[in-house]
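Asks: give me a 3D structure for the following:
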Amino acid sequence: MTTAAPVPRSADEQARLDAELVELFERRITFNQTLGLKIDSVRPGDVRATVPMRPELIGHYAYGRLHGGVISAVLDAMGGLAVMVAIAEHHPHDSAQQVMHRFARLGTIDLRVDFLRQGVGQHFVATAEVTRLGGRVGSTQMRLVNEAGTLIATAAAAYMVS
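Replies: Residues are numbered from 1 along each chain as shown. Reported below is the predicted structural model:
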């Protein structure tokens, strides 16, 4: 008896998955709305988002610097998104719905942020990449730069994936 190989996700299904990831991270995770997180890319190797500077995000009133908690939260969110993109790539036969169901198990188990410079800028770009995706844990590295490309912070995190 021969079993047919699963069919890889179609371009339409991939587009549906990409749209659902953006919807999840921009709208359904309401804290990300508070941050103003706008997803720019959910492609493997290119997970990227922008955060515009707003008065609500200032951590030091005299200097108008981005709050450290905002920096941490943005980098954590981006690490989680990168893991979701990697899971989708690791399971190319799963539908968008199946991949999104896997998100329910995702959770941060470790986060280290290195604050390298003051968070000064008009907007900030956060990127993330998965360094290892195992059966239970995914590891990531993230970066936050301002619009001039100045590196503000880096982070490394581990996420429970099952």
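
Asks: look through the protein and tell me its longest helix.
Replies: If you go by DSSP state H, the chain has its longest helix at helix 68-90.

Asks: how far does that helix sit from the chain's center?
Replies: Chain-centre distance of helix 68-90: 3 Å, with C-alpha atoms, centre = their mean, to the nearest Å.

Asks: just list the residues touching Gly138, thanks.
Replies: With contact set as C-beta atoms under 8 Å, 6 or more residues apart in numbering, Gly138 has these partners: Val83, Ala86, Ile87, Val130, Arg132, Ala158, Tyr159, Val161. Bear in mind the C-beta positions are built from the backbone N, C-alpha and C, glycine included.

Asks: can you redo the residues you listed as TSV with pLDDT, distance to Gly36 and neighbour count?
Replies: TSV is the format used below for the contacts of Gly138 (pLDDT from 0 to 100; distance: C-beta to C-beta, whole Å; neighbours: other C-beta atoms under 10 Å):
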residue	pLDDT	distance to Gly36	neighbour count
Val83	97	22	27
Ala86	96	25	23
Ile87	95	26	21
Val130	98	24	22
Arg132	98	30	10
Ala158	98	26	20
Tyr159	98	23	26
Val161	94	27	21
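
Asks: and the two most separated of those?
Replies: Distance extremes for those: the farthest pair is Ile87 and Ala158 at 14.4 Å, using C-beta to C-beta.

Asks: run through the chain and note the low-pLDDT ranges.
Replies: Counting by pLDDT under 70, the chain contains low-confidence ranges at 1-5.

Asks: same thing but 80
Replies: 1-7 (pLDDT under 80).
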